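the following block contains a protein sequence and its predicted model.
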Amino acid sequence: MSYAIIRNEKYKRENLKGIYRHNERKNTNYSNKNIDKDKTYLNYNIKQCKNSYEKEFDNIRQKNNLKGQIKSVSNIVCEYIITSDLEFFNDIGIDETKRFFQESYNFVCEYKNLGENNIISANVHLDEETPHLHLTFIPVADSTDKKGNKIRKIACSEFWKERDSYRILQDNYYNYITSKGFKLERGQTSNLKHISLEDYKKITNFNKVKQLCEIKVEEYKVKDIEEIKKITIDRYKKINNEIIQPLKTQNSILIEQNTKLNKELTKVSKIVDKADMCILENKELHTQNRKLKSKNIQLENEVHKLQKVLNCAKDIISYICHWISRKLNLTFDKTIEKIEYDNDISVNPTEQLEREYYRELEREEEYEM
């Protein structure tokens, strides 16, 4: 089972420039070799910071009228790093990953009545081994001034004043994020993995090393210094042959396997990237297809309306021709012939269109001559 991980870091003003350049990807090169600059375009902001963190801090402080004395040694900004393991994100997919980070952002806005207006930035990084959220905020606490007026002030120590602040944070975050449908275990308050003494002895071959190292010189009848050297050399030879060399061999095998796995993972990663692009393109095509279908329906409706208008026009012309026939005391066919002859037209729309077409061709030929 994967864990819900939320960690907090505290920063002084002098630290803000560094975390700004890292979070907003402003550096050209990074000491962190896990960053794949070819994937940096996948990163996105839940809340974008348009200024440096120092300037944005000052803007928020002024805009929200935040009180509190700030010294050079004061922690003025906190940063949550929110994540889980890679298997969790691979299982839930792209859309649910976005929802996971959005829900985490919503949690921070509500936790301890912080408010979105005190968040400096929220950056989702997808260009490292495991997706994670850097959420930088100003720790603000409710207080009163000397006159008893309610104020909001910058106070990192008060924001984290509870005895078990981080345990409480872990509990609240775990309860919130699992209530949103994400199946996770509660994160640990420490990154250390505790190993039992028995497991540790198995891993390190403790008993065998202990047995070999307990060879005592006193058990031998030592005559001179050469025998002492011989006993010491024999002891280290046993340790080397029975412990160190097998471990080296095993390590070499593991390194070789790891290299092969890394190559396979690189191939898989490239395939996944291509799949992501295909999914995005497919979504765009679906969107375009829906728009085209909508336009097609509109055109069909327009054609239907025009067909109704045309049929109505035909009926009106027929009524007019019958009326003229009665007035002139002519047959209907004679009336039609007279109308067509006198006006040089055809009451048949198809024939009239052909006439217009050929007349247009004649005009173009005369113009060219």
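That came in fine, so what should we check first? Numbering: from 1, shown residues only.

only C-alpha atoms from now on, for both contacts and neighbour counts.
Will do.

scan this protein for its longest strand.
strand 3-11 (DSSP state E).

can I get that strand as CSV, trimmed to CA atoms?
Provided in CSV are the C-alpha atoms of strand 3-11 (Å, rounded to 0.1, in the frame of the first residue of the first chain):
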residue,chain,number,x,y,z
TYR,A,3,1.5,6.3,1.7
ALA,A,4,0.0,9.8,1.9
ILE,A,5,3.1,11.9,2.3
ILE,A,6,3.2,15.6,3.4
ARG,A,7,6.4,17.2,4.7
ASN,A,8,7.0,20.7,5.9
GLU,A,9,10.1,22.9,5.5
LYS,A,10,10.6,26.4,7.1
TYR,A,11,12.6,29.1,5.3
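
report the mean per-residue pLDDT for it.
Average pLDDT, strand 3-11: 94.

so for it, what gets flagged as buried?
Y3, A4, I5, I6, R7, K10, Y11 (16 or more other C-alpha atoms under 10 Å).

how about K39: what's its closest non-neighbour residue?
D127 (4.8 Å; C-alpha to C-alpha, 6 or more residues apart in numbering).

element containing the residue positioned nearest the centre of the chain?
In the chain, the C-alpha nearest the mean C-alpha coordinate belongs to K98, at 5.1 Å (C-alpha atoms, centre = their mean). Using DSSP states H and E, K98 falls within helix 86-110.

what's the first helix or strand after the host helix or strand of K238?
Using DSSP H and E, K238 maps to helix 225-239. Later in the chain than helix 225-239, the nearest helix or strand by DSSP H and E is helix 245-328.

just to revisit the earlier point, so the residue nearest to K39 sits in a strand?
No. Secondary structure of D127 (DSSP: H, G, I helix; E, B strand; the rest coil): coil, not part of a strand.

and the protein, split by domain according to the record?
Following automatic domain parsing, the chain resolves into domains at 3-186, 307-368.

now, of these, which is deepest in the fold?
domain 3-186 (a mean of 16; mean count of other C-alpha atoms under 10 Å).

quick one on the thing from earlier: and the angle from the helix holding K98 to helix 245-328?
70 degrees (axes from the mean of the first three to the mean of the last three C-alpha atoms, to 10 degrees).

for helix 86-110, packing partners?
Using 3 or more C-alpha pairs under 8 Å, 6 or more residues apart in numbering; DSSP states H and E, the elements in contact with helix 86-110 are strand 119-125, helix 165-179.

ok, which of those comes nearest K153?
strand 119-125 (14.3 Å; C-alpha to C-alpha).

for K270, grab the count of nearby residues.
12 (other C-alpha atoms under 10 Å).

any stretches of the stretch 201-350 of the chain with poor pLDDT?
201-232, 236 (pLDDT under 70).

how about a cut-off of 50?
Along the stretch 201-350 of the chain, the parts satisfying pLDDT under 50 run over 201-207, 209-210, 213, 215-223.

ditto for the stretch 51-200 of the chain
Scanning the stretch 51-200 of the chain for pLDDT under 50 picks out the ranges 190-200.

80 instead, please
The model of the stretch 51-200 of the chain has pLDDT under 80 over residues 187-200.

re earlier: so which elements touch the longest strand of the chain?
Using 3+ C-alpha pairs under 8 Å, 6+ apart as the contact test, the elements touching strand 3-11 are strand 77-83, helix 165-179, strand 185-186.

next helix or strand past that strand?
Sequence-wise, the next helix or strand downstream of strand 3-11 (DSSP H and E) is helix 16-23.

extract the CA atoms of that following helix and return them as PDB.
The C-alpha trace of helix 16-23 is given here as PDB (Å, rounded to 0.1, in the frame of the first residue of the first chain):
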ATOM      1  CA  LEU A  16      13.500  32.400  -0.800                       C
ATOM      2  CA  LYS A  17      15.600  33.100  -3.900                       C
ATOM      3  CA  GLY A  18      16.900  29.500  -4.000                       C
ATOM      4  CA  ILE A  19      13.600  27.700  -3.600                       C
ATOM      5  CA  TYR A  20      12.000  30.100  -6.200                       C
ATOM      6  CA  ARG A  21      14.600  29.200  -8.800                       C
ATOM      7  CA  HIS A  22      14.100  25.500  -8.100                       C
ATOM      8  CA  ASN A  23      10.300  25.400  -7.800                       C
END
